[in-house]
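In: Pasting the sequence and the predicted model now:
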Amino acid sequence: MRNQPKYHFLKNWGYAIKGFAEIYKNEQSFRLEILTFTPLSISLFFFDFGYVLNIFLIFSMAFVLVVECLNSAIERAVDLASTDFHALAGAAKDAGSAAVMIANIITASLWCFAIFGKFYE
């Protein structure tokens, strides 16, 4: 049986906010993505891409942030497990970085599709 405290919604929400703040404070790439996605999200009020494409654009940006959080968790767990260099530790970190890269490519592709689609209408 797991040694886990009793579930408290607000306490767990606090843990999530604490984790978000820690990643924001310590991960430059996460701050850069927030800095990039904020104006892009605001721009959706001015472009008429349609509801479905807007939802895809919003979810793709959120997906990048989720993957970035998971990548940070992987990096921290690997760093905690061993301070020595190990090929598998490097591979785990590289796989997390690859996931972030793929998520960013998906988001950039969707934005290119939306913007170029607007020009070719």
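Out: Cool, got the structure.

In: The protein: helices as residue ranges?
Out: For the chain, the helices defined by DSSP state H occupy 9-26, 28-43, 51-81, 87-119.

In: and those helices, which is most packed in?
Out: When the helices of the chain are scored by mean count of other CB atoms under 10 Å, the highest mean neighbour count falls to helix 51-81 (a mean of 16). Any C-beta I mention is one placed from the backbone N, CA and C, and that applies to glycine too.

In: Tell me the spacing between the nearest residue to Ala99 once chain neighbours are set aside and Gly117.
Out: Counting by CB to CB, 6 or more residues apart in numbering, Ala99 lies nearest to Val67, which is 5.1 Å off, once chain neighbours are set aside. According to CB to CB, to the nearest Å, Val67 and Gly117 sit 25 Å apart.

In: Identify the residues contacting the residue nearest the centre of the chain.
Out: The centre of the chain sits closest to Leu65, judged by CA atoms, centre = their mean, with a distance of 1.5 Å. For Leu65, the contact set (CB atoms under 8 Å, 6 or more residues apart in numbering) comprises 30, 33-34, 37.

In: and if you look at Ile74?
Out: So Ile74 contacts 92-93, 95-96 (CB under 8 Å, 6+ apart).

In: Check which helices and strands the worst-scoring helix or strand of the chain on mean pLDDT sits against.
Out: Least confident element among the helices and strands of the chain, by mean pLDDT, DSSP states H and E: helix 9-26 (a mean of 91). If you count contacts as 3 or more CB pairs under 8 Å, 6 or more residues apart in numbering; DSSP states H and E, helix 9-26 packs onto helix 28-43, helix 51-81.
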